[in-house]
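> Below is the sequence, then the predicted model.
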Amino acid sequence: MVQINGEAVNAAGKTIGAYLKDVGIDPQRVAVEYNGKILSKDAYDTTQMSDDDVVEIVNFVGGGC
């Protein structure tokens, strides 16, 4: 299982890009930390997740005063 945003997810073998597509997340609107390192968007489709990986997906939120 892969830890994604603190939850165990059966995503081993998928790329980051495929996972984002599967769950309906626009890759242009998030930052992904993979095992402690920020991934470039170019790496989403080539970075394959494995058991025990830790992934954090952070959404950009606009706003202000």
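Looks like it arrived, so ask away. Everything numeric here is computed off the predicted structure, so don't read it as measured data.
> Identify the residue spatially nearest to residue 38, adjacent ones excluded.
Among residues not flanking residue 38 along the chain, residue 31 sits closest, at 6.3 Å (CB to CB, 6 or more residues apart in numbering). Every C-beta, even on glycine, is put in place using the N, C-alpha and C of the backbone.
> Touching, that neighbour and residue 37? I think so.
No - with contact defined as CB atoms under 8 Å, residue 31 and residue 37 do not form a contacting pair (11.4 Å).
> What separation is there between the residue nearest to residue 38 and residue 61?
Residue 31 sits 12 Å away from residue 61, going by CB to CB, to the nearest Å.
> who touches both of those two?
Taking CB atoms under 8 Å, 6 or more residues apart in numbering as the contact rule, residue 31 and residue 61 touch no residue in common.
> the more surrounded of the two?
residue 31 (14 against 6; other CB atoms under 10 Å).
> pretty sure residue 38 is touching residue 32, no?
Yes - with contact defined as CB under 8 Å, residue 38 reaches residue 32; the gap is 7.3 Å.
> got a list of what the residue nearest to residue 38 touches?
By CB under 8 Å, 6+ apart, residue 31 lies in contact with 38, 57-58, 60.
> What residues sit buried inside the helix or strand containing it?
Assigned by DSSP states H and E, residue 31 falls within strand 30-34. Residues 30, 32, 34 are the ones in strand 30-34 that count as buried (16 or more other CB atoms under 10 Å).
> Direction included, what does that strand pair against?
The pairing partners recorded for strand 30-34 under DSSP bridges are strand 37-38 (antiparallel), strand 54-59 (antiparallel).
> Most tightly packed of those?
strand 54-59 (a mean of 15; mean count of other CB atoms under 10 Å).
> Run through who's touching that one.
Counting by CB under 8 Å, 6+ apart, 2-5, 16, 20, 25, 29-36, 49 sit against strand 54-59.
> Also stretch 33-45?
By CB under 8 Å, 6+ apart, stretch 33-45 touches 15-18, 20, 27-28, 31-32, 47, 49, 53-56, 58.
> can I assume residue 10 is in contact with residue 1?
Yes - counting by CB under 8 Å, residue 1 is a contact partner of residue 10 at 6.0 Å.
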